[in-house]
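# Here's my sequence, what's the structure:
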Amino acid sequence: MPVLVISGTNTDVGKTVATAAVATAALRAGRSVAVLKPAQTGVGPDERGDADEVARLSGGVTVAELARYPEPLAPATAARRSGRAPLHPQEIAEAAAKLATEHDLVLVEGAGGLLVRFDTAGGTLVDAAALLRAPVLLVASPALGTLNIAELSARELRRRDVELLGVVIGSWPRTPDLAMRCNLEDLPVVAGAPLLGALPEGAGALPPAEFRTTAPGWLAPRLDGTWDAEAFRAHQAP
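Take a look at the predicted model:
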């Protein structure tokens with residue numbers, strides 16, 4: 001798995017922090033890691049982007065960014081409004097493939113959900129994953145409504161013959177409600193892929209040293225961690 005594409009079911013589900021956790025676990029397992037953020041939106045030229053946040057939390061990763069647009073919009077829309085060139089899936093795939101020749105693992109962090117458009121032709125993160133023949137890790141919210149989006153995302157990946165490696169919950173609260181607890185059972189069923197982790201709420205606010213020590217405990221062995229899905233579900237059972 002030299003390249004892993006990380007997408008969210010939608011925006012604000014904890015994708016960047018999840019990317020940092022995956023990078024941290026891989027680094028602790030002795031692997032070299034690069035993080036590629038194809039299109040960063042909503043930040044100025046001198047501001048820190050998502051890839052920088054991954055590097056701050058995980059440490060020791062190579063970061064790359066292909067395009068940056070000032071408005072917090074979908075990349076295609078942000079490119080059009082800024083008058084800048086859009087980014088195409090082929091460019092993303094080529095950049096990730098090059099990084100993969102120099103690193104054990106390349107994490108490609110998307111923007112929002114799977115079908116967010118990068119260009120006027122409708123190119124998406126799924127197109128890049130298909131070109132790379134890379135699996136996708138889906139970061140999901142635990143809240144009510146997540147099952148529908150997770151299943152739609154999984155169906156699109158199957159339709160495109162792109163592997164869904166699994167699902168990670170991006171922010172698990174200290175006091176989960178009934179729907180969240182039930183979703184621990186239902187998410188892997190509707191996605192047709194295993195639950196591979198659950199990040200605690202507020203994980204991104206931890207000091208980097210603490211984040212690096214504890215992150216592997218939030219992820220399953222498939223992601224170089226020690227998290228046990230069955231034990232977690234049993235502990236959280238409604």
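
# For Thr19, the count of nearby residues, please.
Neighbourhood size, Thr19 [other CB atoms under 10 Å]: 29. C-beta here means a position set from N, CA and C on the backbone, and glycine is covered the same way.

# Which secondary structure state does it sit in?
With DSSP: H, G, I helix; E, B strand; the rest coil as the basis, Thr19 sits in helix.

# is it fair to say Ala179 lies in a helix?
Yes. Assessed by three-state DSSP, Ala179 belongs to a helix.

# Return the distance of it relative to Glu71.
Separation of Ala179 from Glu71 (CB to CB, to the nearest Å) stands at 33 Å.

# do Gln236 as well
Gln236 is 39 Å from Glu71, by CB to CB.

# Looking at those two, which one has more neighbours?
Comparing Gln236 with Glu71 by other CB under 10 Å, the one with more neighbours is Gln236, at 17 against 13.

# so who does the nearest residue to that one once chain neighbours are set aside touch?
Among residues not flanking Gln236 along the chain, Arg181 sits closest, at 5.1 Å (CB to CB, 6 or more residues apart in numbering). Arg181 makes contact with Gln236, Ala237, Pro238 under the criterion CB atoms under 8 Å, 6 or more residues apart in numbering.

# Roughly how far does the last one sit from Arg174?
In other words, Pro238. 16 Å.

# Just the buried positions in stretch 215-235, please.
Ala215, Pro216, Trp218, Leu219, Ala220, Leu223, Asp224, Gly225, Trp227, Ala229, Phe232 (16 or more other CB atoms under 10 Å).

# now Leu184: how far from Asp46?
Distance from Leu184 to Asp46, by CB to CB: 41 Å.

# Can you pull out the low-pLDDT segments for the protein?
Across the chain, residues meeting the criterion (pLDDT under 70) sit at 1.

# Quick one: the strands in it, in order.
Assigned strands in the chain, in chain order: 3-8, 33-41, 62-69, 105-109, 136-140, 164-172, 195-200 (criterion: DSSP state E).

# okay, those strands in JSON lines with distance to Pro75 and mean neighbour count next?
Output for the strands of the chain, formatted as JSON lines (distance: least, CB to CB, whole Å; neighbours: other CB atoms under 10 Å):
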{"stretch": "strand 3-8", "distance to Pro75": "13", "mean neighbour count": "26"}
{"stretch": "strand 33-41", "distance to Pro75": "4", "mean neighbour count": "24"}
{"stretch": "strand 62-69", "distance to Pro75": "7", "mean neighbour count": "19"}
{"stretch": "strand 105-109", "distance to Pro75": "12", "mean neighbour count": "26"}
{"stretch": "strand 136-140", "distance to Pro75": "17", "mean neighbour count": "27"}
{"stretch": "strand 164-172", "distance to Pro75": "20", "mean neighbour count": "24"}
{"stretch": "strand 195-200", "distance to Pro75": "25", "mean neighbour count": "23"}
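
# right, and these - which one's nearest Ser153?
Nearest of the strands of the chain to Ser153, taken as CB to CB: strand 136-140 at 5.8 Å.

# what pairs with the closest one, and is each one parallel or antiparallel?
strand 3-8 (parallel), strand 164-172 (parallel) (DSSP bridges).

# Would you mind writing the CA trace of it as PDB?
Output in PDB follows, covering the C-alpha atoms of strand 136-140 (Å, rounded to 0.1, in the frame of the first residue of the first chain):
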ATOM      1  CA  VAL A 136      -9.400   4.900   0.000                       C
ATOM      2  CA  LEU A 137      -9.800   5.400   3.800                       C
ATOM      3  CA  LEU A 138     -13.100   7.000   4.600                       C
ATOM      4  CA  VAL A 139     -13.200   9.300   7.600                       C
ATOM      5  CA  ALA A 140     -16.800   9.600   8.900                       C
END
